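[1] predicted model and sequence follow; I will ask about them next.
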Amino acid sequence: MPNPLDTLLKPRLPSTAVGIERDTASVVQLDRSRGQFVVRRAATVDLPKDLVHPSFEQPHIKEPEQLTRALTDLATGAGLLRQRKWSIALPEASTRSAIITIEGAGGSRRETEEVFEWKVERSFGAPSSELRMSREDLPLDAQRQRRYLVNAVRMNVLAEYEAVFAALGWHAGLVLPRHAGEEQWLRNGNQGDGLLLTAHDEGFTAVLMRGNRPLTLRSVFCDASECDDELHRLLLFYRDRVAAGAQHDTSVSRLLVVGDQLDKRRVADIAQDALGVRLNPLNAADVGLMIPAGDLDFDTIAAPAGLARLAW
C-alpha cells in the first residue's frame, strides 16, 4: 500500500530522526525486519530548564549554542554523530495543524489557491507568506469537497532551529509537529478508526484516523484540570457527528495516548463512558515497534521514530 505521504518521500527520507520538546530531546535510528520496525540506535537527554520555550508566536531557543552542545552530546551518545540527514519532530506547541476544506468543485487552480491561502490565514492567524507548511491531500468528503491536512510553523521560529542544525552540519529534510510523527503508528494498514491523543503542556492534540488517513483533527488548548472534560466533549462529538455519519458501521478500535499530561487509564475510562467501548491504549509492540530492553520510553521516542519509519 503506498504511503499517504509519498509526495514527501522524494528524495527518500532518512531512517534517523530527532524529536525536541521543552525539557527533552531524543534521537532514533530505525531498521526494518520482518514487517516490523526495530530501534537500532536511540538516546534521550534532559534539556536545561527554559532552554527551549515552545510557542507558535514567540522565539523558542534562549541559548542556541547550549542547545547545539546538548544535541551534539545526544548524537554522540547514540553513535550518530556522523549522521547528516535527519527528519525533525518539533514541539507540539510550536506548530499549528488543521484540516482545510475547499468548498465547491469549480474554479481555476489560481482561485483554489487563493481560497486555500485565505483559509490558512483564518486557521492559523498568519498569512502563508509567514509560514512553512506541509500539505497532504485527503480523500474528498461526503459533499465531494477537497480536503487537505496542513501543518504550519512560523518561518522565524523554524529559522531558530535551522541555525542550530546548520551549526551541527545537519540537513533537515522533513520538519513536522510531534503529533505527525506519532500519528504514523496508526497508519499501519489496519481498518477501522484509530484515535491519537498527543498531550503537551498547553493541552492536547486529537487526530482521528479512518483506515490509514486522518479524518478529523482538533487542537485543544486547556489547563490540565480541564483535559478530562474537553476529551469527553471531543469523544461525544466523534460519536454523534462523525461515527453516526459514516456510510458503514465504525467505531474507535485503536487508541494511542502519548505524553505524561494524560493518564492512559483515565483516558480509557472516559472513552468507555463516551463511546461504550473499552480500549486498551497501544504500546510500542502493539504498533510494530521493537524497542530493546533498557531505559528507552515509547512516549519519548514515538514522534521521531514515527518520522524515521517514513524511510520505507
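    Looks like it arrived, so ask away. Values in this document were obtained by computation on a predicted structure and should not be read as measured data.
[2] in a strand, that's where Ala268 is, yeah?
    No: Ala268 is assigned helix when assessed by DSSP: H, G, I helix; E, B strand; the rest coil, not a strand.
[3] so who does it touch?
    Leu255, Arg278, Leu279, Asn280, Pro281 (Cβ atoms under 8 Å, 6 or more residues apart in numbering). Quick note: C-beta positions are derived from backbone N, CA and C, even for glycine.
[4] of the residues you listed, select the buried ones using a ChimeraX command.
    Those of the contacts of Ala268 that count as buried under 16 or more other Cβ atoms under 10 Å are selected in ChimeraX with:
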select :255,279,281
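[5] identify each buried residue in the top helix by length along the chain, please.
    The longest helix of the chain (DSSP state H) is helix 109-124. Using 16+ other Cβ under 10 Å as the test for burial, helix 109-124 gives Val115, Phe116, Lys119, Val120, Phe124.
[6] spit out the contact partners of Pro292.
    So Pro292 contacts Val39 (Cβ under 8 Å, 6+ apart).
[7] which SS state does it fall under?
    coil.
[8] show me where the stretch 101-250 of the chain has its helices.
    Secondary structure of the stretch 101-250 of the chain (DSSP state H, counting those that start in this stretch): helices at 109-124, 155-168, 178-182, 227-237.
[9] and the shortest one, what does it pack onto?
    With contacts defined as 3 or more Cβ pairs under 8 Å, 6 or more residues apart in numbering; DSSP states H and E, the secondary structure elements packing on helix 178-182 are strand 16-20, strand 85-90, strand 193-200, helix 298-308.
[10] could you pull up the residues touching the residue nearest to Asp273 when sequence neighbours are not counted?
    Closest residue in space to Asp273, ignoring its immediate chain neighbours: His232 at 7.1 Å, by Cβ to Cβ, 6 or more residues apart in numbering. Neighbouring residues of His232 by Cβ under 8 Å, 6+ apart: Ile270, Asp273, Ala274.
[11] got it, and Pro54?
    Glu21, Arg22, His60, Leu90, Pro91, Glu92, Ala93, Ser94, His200, Asp201.
[12] ok, the contacts of Ala268 vs Ser225, which is closest?
    Pro281 (21.3 Å; Cβ to Cβ).
[13] list the contacts of the closest one.
    Counted by Cβ under 8 Å, 6+ apart, Pro281 has contacts Leu255, Leu256, Val257, Lys264, Val267, Ala268.
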